[in-house]
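>>> Turn this into a structure:
(2 chains)
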Number of protein chains: 2
Amino acid sequence: MPSPELPDASAQLRARLAELSDLGGIAGLMGWDQQTMMPPGGAGPRGAAMETLERIAHERATAPELGALLDTVDGGDPLVRMARRDHDRARRVPVELAAEIARVGADAIGVWIQAREESDFAAFRPALERNLELRRRYAECFPEVDHPYDALLDRFEPDMTTAQVREVFARLRAGLVPLTEAIAAAPAPPLLQGPFDVGEQRELALEIVRAFGFDDAEWRLDRAVHPFACAISPTDIRVTGRFDEGSLSGVFAVMHEVGHGLYEHGVDPELARTTLGSGASLGMHESQSRLWENLVGRSEPFWRHWLPRARERFPAALGGVSLEDFLRAVNVVRPTLIRVEADEATYSLHVILRFELEVALMEGTLSVAELPEAWNAKMKELLGIDVPDDARGVLQDIHWAHGELGYFPTYALGNIVAAQLWRAARTDLPALDDQLAAGDHAPLREWLREHVHRHGRLLTPSELLHRATGAELDPQPLLDHLDAKYRALYRLGA
Amino acid sequence: MPSPELPDASAQLRARLAELSDLGGIAGLMGWDQQTMMPPGGAGPRGAAMETLERIAHERATAPELGALLDTVDGGDPLVRMARRDHDRARRVPVELAAEIARVGADAIGVWIQAREESDFAAFRPALERNLELRRRYAECFPEVDHPYDALLDRFEPDMTTAQVREVFARLRAGLVPLTEAIAAAPAPPLLQGPFDVGEQRELALEIVRAFGFDDAEWRLDRAVHPFACAISPTDIRVTGRFDEGSLSGVFAVMHEVGHGLYEHGVDPELARTTLGSGASLGMHESQSRLWENLVGRSEPFWRHWLPRARERFPAALGGVSLEDFLRAVNVVRPTLIRVEADEATYSLHVILRFELEVALMEGTLSVAELPEAWNAKMKELLGIDVPDDARGVLQDIHWAHGELGYFPTYALGNIVAAQLWRAARTDLPALDDQLAAGDHAPLREWLREHVHRHGRLLTPSELLHRATGAELDPQPLLDHLDAKYRALYRLGA
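The predicted structure follows:
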């Protein structure tokens, strides 16, 4: 029999969850401002204020009163189920451990910056060892998992297991290595020759993403050193970018970030200010950014519409470039050292490398001291290249400095899921190529909204994927897409 | 005998006060972003998030644990004394009343905007009656005060009483009315003829305020419809402005806001993230903005340095304007309807009008229904002008819509204190005119930092004033300044 306090408890619960959602948005605003607007002098106090907000949010997310409300209300409600999950997970980690992870991670950033500058892994090693040890202790808070790495993965990719990622990545790797080798053996296409005026690039990027759904009444585009997207609220989406005169890569980065933004923007407004009002996982998020950046933004139909417009903005640089040459140039595949500069085909190999090393570190089969050597060996194995120094090798990413293990796999999961969704969307929208070639992106956006965005966290990533595509996580559509695309572009043999 | 927990309690107290200070900075950032950067779609969720943050801040400011810590630690410490004051005052107001005031005030804004647009006071009247009633209930939370208006004043001007303001304003009024009448009878000087390019105005304003102390590493200047200043932290000062091609008033508005910013920027860093780390009162704050805007920024020595620079930026508009004509133009005095557009001499009369009406409303000798008529009669009495409609009369300000009574007097207190500080600074800095004429603002800024800024809230406004000037609050220096200035500018008889 429902308790007579039920309606009241339910309203109280919703108020507490709305508060947690608000605190998330506020933290987002502080982070956005820090990277776009804040004068340098604000850095110290901003760090302190962000710590304060995080501590308050943690306190309220783990409050016993919240637990009591969750016990009182109907556990069959998906909102209650997800809120219970978040609450239980947050309570599993002792507050001292959470604080130590945050503090040690923040301190390690400075050490890492210095070490990377001097390409001195030994200087970074103690900080990384400390981060790893804390992450092991974190994983111990979840003794029920099959593999300690599962506890880390779960922070970003709920319900995904190490075993599952390992199996999927093994298939992806088996397909990607020969494909990228074959491409690398083919003659490289000529790159585009700039300069591309950065103001014009910004205008082109805005023109494109406005056609995707970016609307000045609910979005902003600002400059930041590292592009990112951030939903302050579903109707206040901030994306950032950086344009460089030498190439059009900033335009693609904006498409990528707007893909993230469209996801948050498309969540059912009914879910706003609840636990369910954001993307289902980082992998699902990355599927949206990659889909717009690569599957749409590097496709032939897309540029059939946009290249003439780009030529108007850059007559000197693009006036004499054919559609085919343009596509080859913006789809160039080359094994390179740096993940964030990697192309559509090699990118996932950089991720697989990191995943394999992270799992070995957590299992204890690899020590931090052995990491640079293991890194370099895997770069040779997966991408066929020699790493000249640790700055361009094991020290290149901020994630480990910050203590984030378990994050990297979501990038490649995003590539995989994007290709699966793309295949399903093309089946449902037989005229998609013509629509893109006509500059009409609405049908695709609405398809994604219907099958992915609107659900927020109502469905798990695997439920979402299954409903949208009828399939489990599967790297084959990605491999098929890359194979078909690059065989055509590079005129490789069958 | 001190308790053995003393050091620990003191550290805990400081941590709690730092947290409150951080929450204040976060609220400032949210407000700044709302008025400068936020896309319109963010408005609804931003309002909700600001409410959440305010509720959390109120909860923590009134937490019994904070009270217990304050009881434990040394009450002689000025920090503890001020924290105790804030805590006690916050606890006096029932949380339901505070929430109702906030909610009703927020709702009334929309009603007011509509009513002002249609110049329809009757439509606004119920909302204002509700605000007034809530402010009466607020004042009842402080039964020890001599006058209910004291409780409202105290929110903005600690320890100031209605009796004191009444006495000071009576003297100010007695001096200002004949002076402004005499000026109005004199022929008006010609205004400057633009256009003044808004980009050039912004550059001129930046050039000037950089000489005041605005430093790009710790400040920002952005566009906002209503200029304001906000210290996210003492090393992250945001000022806003708006430039209009028709006049240079935007340049003066930036000097004004930078005056506020210099105050927060100049507080002793030792006081940062404590209860004492901001300005002593709104009146003291306004003294700083007015001092830079009017006493510096509309003075002859100042423009001896800056007019040649302004002429370079606006050769067509200013090329043929002499220093004397320029000064007469930027110091034009005319009785006008709108407070925010009022000049240095008539401004305080607008404030006195509002103060007298607010006190009568709180006393119950004036009803809200009678307010428009009372407003118009006072405008005639104080400024000699007829009010054509309520939009340009009683409906012009947002303050009453928002439920803020007791705020207006601080504007005129700022004018008074500015003139007192100015007199003292001139005594201490005999070369001040020469310094300003040489574009050297550092001696004045350092004098203000030494005598006002660095103390934060360590001293009360009257203590600050007394130490800096040797005097109590006194309108005579302001009257003397205006009298001397305008007699010279307008060549009035003695």
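>>> which residues of the stretch 201-350 of chain A fall in strands?
Along the stretch 201-350 of chain A, counting by DSSP state E, counting those that start in this stretch, strands occupy A:219-223, A:229-233, A:236-241.
>>> for the second one, packing partners?
Meaning strand A:229-233. Judged by 3 or more CB pairs under 8 Å, 6 or more residues apart in numbering or on different chains; DSSP states H and E, the packing partners of strand A:229-233 are helix A:6-36, strand A:236-241, helix A:249-266, helix B:43-61. Where you see a C-beta, it was placed from the backbone N, CA and C, and this is true even at glycine.
>>> Average pLDDT for it, rounded please.
When pLDDT is averaged over strand A:229-233, the result is 97.
>>> gap between it and the chain center?
Computed by CA atoms, centre = their mean, to the nearest Å, the chain-centroid distance of strand A:229-233 equals 14 Å.
>>> That strand vs helix A:249-266, what angle?
Orientation check (axes from the mean of the first three to the mean of the last three CA atoms, to 10 degrees): strand A:229-233 against helix A:249-266 gives 30 degrees.
>>> Direction included, what does strand A:229-233 pair up with?
strand A:236-241 (antiparallel) (DSSP bridges).
>>> thinking again about what came up before, highest average neighbour count across the helices and strands packed on strand A:229-233?
Comparing the helices and strands packed on strand A:229-233 on average neighbours per residue, with mean count of other CB atoms under 10 Å in any protein chain shown, the densest one is strand A:236-241 at a mean of 27.
>>> in what helix or strand does the closest residue to A:Arg313 other than its chain neighbours lie?
In space, and not counting its chain neighbours, A:Arg313 is closest to A:Glu200: 4.3 Å by CB to CB, 6 or more residues apart in numbering or on different chains. Using DSSP states H and E, A:Glu200 sits within helix A:198-212.
>>> Contacts for that helix next, please.
Contacts to helix A:198-212, defined as CB atoms under 8 Å, 6 or more residues apart in numbering or on different chains, come from residues A:214, A:216, A:221, A:239, A:241, A:243-245, A:248, A:250-251, A:254-255, A:258-259, A:262, A:292, A:297, A:306, A:309-310, A:313-314, A:439-441, A:445.
>>> just the angle between it and strand A:236-241, please?
140 degrees.
>>> Can you tell me the centre-most residue of chain A?
With distances taken as CA atoms, centre = their mean, the residue of chain A nearest its centroid is A:Glu286 (4.0 Å).
>>> quick one: that residue from A:Val359, how far?
Using CB to CB, to the nearest Å, A:Glu286 is found at 20 Å from A:Val359.
>>> Show the pLDDT at the closest residue to A:Val111 other than its chain neighbours.
Using CB to CB, 6+ apart and skipping the chain neighbours, the partner closest in space to A:Val111 is A:Ala127 (4.6 Å). pLDDT, A:Ala127: 95.
>>> What of the one 3 residues further on?
According to the model's per-residue confidence, A:Arg130 sits at a pLDDT of 96.
>>> Please tell me how far it sits from A:Asp107.
Note on A:Arg130: its distance to A:Asp107, by CB to CB, is 9 Å.
>>> So for these two, which sits in the more crowded spot?
A:Arg130 (19 against 14; other CB atoms under 10 Å in any protein chain shown).
>>> Can you report how many residues lie near the residue nearest to A:Val111?
Neighbour number of A:Ala127 under other CB under 10 Å is 22.
>>> How about A:Arg298?
A:Arg298 has 18 nearby residues by other CB under 10 Å.
>>> gap between it and A:Glu257?
Taking CB to CB, one finds A:Arg298 at 16 Å from A:Glu257.
>>> now swap in A:Arg238 and tell me
9 Å.
>>> repeat for A:Ala15
Counting by CB to CB, the gap from A:Ala15 to A:Glu257 is 32 Å.
>>> what's the pLDDT at A:Ala186?
We have a pLDDT of 88 for A:Ala186.
>>> residue contacts, the closest residue to A:Leu192 other than its chain neighbours?
Spatial nearest neighbour of A:Leu192, excluding adjacent residues (CB to CB, 6+ apart): A:Ala329 at 4.7 Å. Going by CB under 8 Å, 6+ apart, A:Ala329 touches A:Pro189, A:Pro190, A:Leu191, A:Leu192, A:Val321.
>>> What distance do you get for A:Ala329 to A:Ala437?
Separation of A:Ala329 from A:Ala437 (CB to CB): 19 Å.
>>> A:Arg467 too?
With distances taken as CB to CB, A:Arg467 is found 29 Å from A:Ala437.
>>> you'd agree the residue nearest to A:Val111 is up against A:Ile109?
No: taking contacts as CB atoms under 8 Å, A:Ala127 lies outside contact range of A:Ile109: 9.0 Å.
>>> what touches both of these two?
By CB under 8 Å, 6+ apart, A:Ala127 and A:Ile109 have these common neighbours: A:Ala401.
>>> residues from the stretch 151-300 of chain A in reach of chain B?
Residues of the stretch 151-300 of chain A lying near chain B by CB under 8 Å from any CB of the partner chain: A:215-220, A:232-237, A:272-273.
>>> Would you confirm that A:Val267 contacts A:Arg454?
Yes: contact status for A:Val267 versus A:Arg454: in contact at 6.3 Å, counting by CB under 8 Å.
>>> out of the two, which sits in the busier spot?
A direct count of neighbours by other CB under 10 Å for A:Val267 and A:Arg454 places A:Val267 higher, at 25 against 16.
>>> who's in contact with the closest residue to that one other than its chain neighbours?
In this structure, A:Val267 finds its nearest non-sequential neighbour in A:Gly456, 4.2 Å apart by CB to CB, 6+ apart. With contact taken as CB under 8 Å, 6+ apart, A:Gly456 is in contact with A:Val267, A:Asp268, A:Leu271, A:Leu276, A:Gly277, A:Ser278, A:Gly279, A:Ala280.
>>> got the residues you listed as a markdown table, with pLDDT columns?
A markdown table is the format used below for the contacts of A:Gly456 (pLDDT from 0 to 100):
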| residue | pLDDT |
| --- | --- |
| A:Val267 | 98 |
| A:Asp268 | 97 |
| A:Leu271 | 97 |
| A:Leu276 | 97 |
| A:Gly277 | 96 |
| A:Ser278 | 96 |
| A:Gly279 | 97 |
| A:Ala280 | 97 |
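>>> List only buried entries from those residues.
A:Val267, A:Leu271, A:Leu276, A:Gly277, A:Ser278, A:Gly279, A:Ala280 (16 or more other CB atoms under 10 Å in any protein chain shown).
>>> Go through the residues you listed and say which is closest to A:Arg166.
A:Ala280 (21.6 Å; CB to CB).
>>> Disregarding residues adjacent in the polypeptide, which is nearest to the closest one?
Closest residue in space to A:Ala280, ignoring its immediate chain neighbours: A:Pro461 at 4.9 Å, by CB to CB, 6+ apart.
>>> residues contacting the one you found?
Contact analysis of A:Pro461 by CB under 8 Å, 6+ apart lists A:Glu157, A:Pro158, A:Asp159, A:Met160, A:Ala280, A:Ser281, A:Gly283, A:Met284, A:Val417.
>>> Tell me the secondary structure at the closest residue to the fourth one other than its chain neighbours.
With sequence-adjacent residues excluded and distances taken as CB to CB, 6+ apart, A:Met160 is closest to A:Leu153, at 5.2 Å. Classification of A:Leu153 using DSSP: H, G, I helix; E, B strand; the rest coil returns helix.
>>> which ones are touching the closest residue to A:Phe196 other than its chain neighbours?
In space, and not counting its chain neighbours, A:Phe196 is closest to A:Phe314: 5.5 Å by CB to CB, 6+ apart. Neighbouring residues of A:Phe314 by CB under 8 Å, 6+ apart: A:Phe196, A:Asp197, A:Glu200.
>>> Many thanks, I have nothing further to ask.
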